[in-house]
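Enquirer: Let me see the structure of the following:
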Amino acid sequence: MNSVLEIASLLIDNLYRLLNKLPQYISLDNPEETYEVIFEIFYQALHHKPFLLNLHRDARLSLVLQYAWEFLNVVNRVVSSPDIDIHALSREMLRRAYARIAETPGNMSRYVVVCDGLSIIDAAYIAYRSKRENMEPFIIPLINPGGATETYKFILEPHSYLKGYNLTLNDIARIIAEKIEAKDSIVFRGYDESIHRLKNVHAAEIVEAMYGLASSLYNKIARLKKEYNSDVVVLSDHGYDVIESSGGLYDVNHFWSPKSLSVIAPLLII
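Expert: Prediction:
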């Protein structure tokens, strides 16, 4: 693959092509159904089989599914290539995020929300819903192949590993908040708690639980924007995957394979 700049653009362009296609085929009349379709798009693009819905029955959604597959294929190539400096790639993604924040009016405050385990599925849903409700979301996919919070040492500051302390999500929130002069920062831990809880369960239970978390996070973002006229920066340390166990049941897990959703750490600005 090509330079870090080109790879970053390729990842972002592929993700936006997918997200820009969604409004043509998905209505927000029922947010839960919308979330279910977005969940299904990413699941089927990764596993090539249905979870709750068979999207191949709808020719329009088959095209969206193809775009999702192409985006995940780029992620797979990035993670699998020994020639790509993933930390440099993530720093380039952060640089673009900071540049986007710098474009906002000076009278807008800023908030940082760091999520433990926010998936690209949930980030895509929040971006889609916020755009439908007249906000202007910016979304980029950082890549974290091992899912370790410590990776942010190399992303936020290339030499911070020399400082000899264990980086926490609270540290990440604080460092980014200071960088962008944010009013405040919080850590949202609901996803990781559900990831460790949802084992050997039905598909519908997983979608219901994750939709509840995505709605809660979206409502928090919308409240911050309304009450404080804020830009809200939302980022994650990793995502999660749904793995078939037995008897038609599933586990939600971290899964550190090049072909996984867990390796994607989305960043949103809304």
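
Enquirer: so who does the closest residue in space to Leu63 that isn't next to it in sequence touch?
Expert: Of all residues not flanking Leu63 in the chain, Lys21 sits nearest, at 6.9 Å (Cβ to Cβ, 6 or more residues apart in numbering). To be clear about C-beta, it is placed using only N, CA and C from the backbone, and glycine gets the same treatment. Neighbouring residues of Lys21 by Cβ atoms under 8 Å, 6 or more residues apart in numbering: 63-64, 67.

Enquirer: which element is Lys21 on?
Expert: Per DSSP states H and E: Lys21 is located in helix 4-21.

Enquirer: now do Ser62
Expert: helix 59-80.

Enquirer: what angle separates that helix from helix 4-21?
Expert: Here helix 59-80 runs at an angle of 160 degrees relative to helix 4-21 (axes from the mean of the first three to the mean of the last three Cα atoms, to 10 degrees).

Enquirer: Show me what the helix or strand immediately after helix 59-80 in the chain is packed against.
Expert: Next helix or strand after helix 59-80 toward the C-terminus (DSSP H and E): helix 86-102. With contacts taken as 3 or more Cβ pairs under 8 Å, 6 or more residues apart in numbering; DSSP states H and E, helix 86-102 sits against helix 4-21, helix 59-80, strand 138-143, helix 152-156, strand 230-236, strand 264-269.

Enquirer: Least confident of these, on average?
Expert: Lowest mean pLDDT within the helices and strands packed on helix 86-102: helix 152-156, at a mean of 69.

Enquirer: next helix or strand past that one?
Expert: Assigned by DSSP H and E, the successor of helix 152-156 is helix 169-179.

Enquirer: That next one vs helix 86-102, what angle?
Expert: Going by the same axes, to 10 degrees, helix 169-179 makes 50 degrees with helix 86-102.

Enquirer: Can you show me the CA trace of helix 169-179 as PDB?
Expert: Output of helix 169-179 as PDB, limited to C-alpha atoms (Å, rounded to 0.1, in the frame of the first residue of the first chain):
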ATOM      1  CA  LEU A 169      -8.900   6.000  29.500                       C
ATOM      2  CA  ASN A 170      -9.200   8.900  32.000                       C
ATOM      3  CA  ASP A 171      -5.700   9.900  31.000                       C
ATOM      4  CA  ILE A 172      -6.600   9.800  27.300                       C
ATOM      5  CA  ALA A 173      -9.700  11.900  27.900                       C
ATOM      6  CA  ARG A 174      -7.700  14.400  29.900                       C
ATOM      7  CA  ILE A 175      -4.800  14.700  27.400                       C
ATOM      8  CA  ILE A 176      -7.100  15.200  24.400                       C
ATOM      9  CA  ALA A 177      -9.300  17.700  26.400                       C
ATOM     10  CA  GLU A 178      -6.200  19.700  27.200                       C
ATOM     11  CA  LYS A 179      -5.000  19.500  23.600                       C
END
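
Enquirer: buried sites along it?
Expert: Within helix 169-179, the residues scored as buried using 16 or more other Cβ atoms under 10 Å are 169, 171-177.
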